[in-house]
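Chemist: Provide a 3D model corresponding to the input given below.
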Amino acid sequence: MLIAALVLVAAIALKSVPVITGLIFGGLIAVLNFVELSKTLQRAVTKPQAQASSYTSIRYFIRFTLTGVVLYVAAKAPHIDFIATVVGLLSVKAVVYATHLFDDRKYFKNIITRKEDNL
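Modeler: Okay, the predicted model is just below:
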């Protein structure tokens, strides 16, 4: 959703193909990394602790390397904006944080109420 909104804003406001391409490129890789993280964790919980630790470390290194390759390609390719790619890569993290932050009403209630009111 956020990725689509960023692409729409970039398309309307900037009318810049490299920015839109960077947002899509970074966003897709971020989603793929997130899905891969989910699959890694699902598989890791079925393994013994030593195997799970090495398995998750290897998968983390693969995701980290993929992100590095994406950033390198974005930096070298003239038709992909580097900053937009970084924003696309961070968009999934922003959505996850925002989803959990805004769905927890008790969290906001604790922020708004004073400690003296809870006594």
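
Chemist: going forward, measure contacts and count neighbours with C-alpha atoms only.
Modeler: Will do.

Chemist: distance check, residue 83 against residue 26.
Modeler: Residue 83 is 10 Å from residue 26, where distance means C-alpha to C-alpha, to the nearest Å.

Chemist: neighbour count for these two, which is higher?
Modeler: Set residue 83 next to residue 26 and count neighbours by other C-alpha atoms under 10 Å: residue 26 wins out with 30 against 16.

Chemist: and the helices in this protein?
Modeler: Secondary structure of the chain (DSSP state H): helices at 2-9, 17-44, 49-76, 82-103, 105-112.

Chemist: what distance do you get for the residue positioned nearest the centre of the chain to residue 50?
Modeler: Nearest residue to the geometric centre of the chain (C-alpha atoms, centre = their mean): residue 92, 2.9 Å. Residue 92 sits 30 Å away from residue 50, going by C-alpha to C-alpha.

Chemist: mind checking the backbone torsions on residue 78?
Modeler: Backbone torsions of residue 78, given as degrees, to the nearest 10, read phi -70, psi -20.

Chemist: setting aside sequence neighbours, what's the nearest residue to it?
Modeler: Nearest residue to residue 78 in three dimensions, chain neighbours excluded: residue 18, at 7.7 Å (C-alpha to C-alpha, 6 or more residues apart in numbering).

Chemist: can you check residue 51 too?
Modeler: In this structure, residue 51 finds its nearest non-sequential neighbour in residue 44, 7.9 Å apart by C-alpha to C-alpha, 6+ apart.

Chemist: please name the residues that touch the one you found.
Modeler: With contact taken as C-alpha atoms under 8 Å, 6 or more residues apart in numbering, residue 44 is in contact with 51, 52, 53, 55, 56.

Chemist: doesn't residue 45 make contact with the second one?
Modeler: Spelled out, that is residue 52. Yes. The pair residue 52 / residue 45 is scored as a contact, 7.0 Å apart, by C-alpha atoms under 8 Å.

Chemist: and those two? Which one has more around it.
Modeler: Neighbour totals were compared for residue 52 and residue 45, and residue 52 leads with 17 against 12 (other C-alpha under 10 Å).
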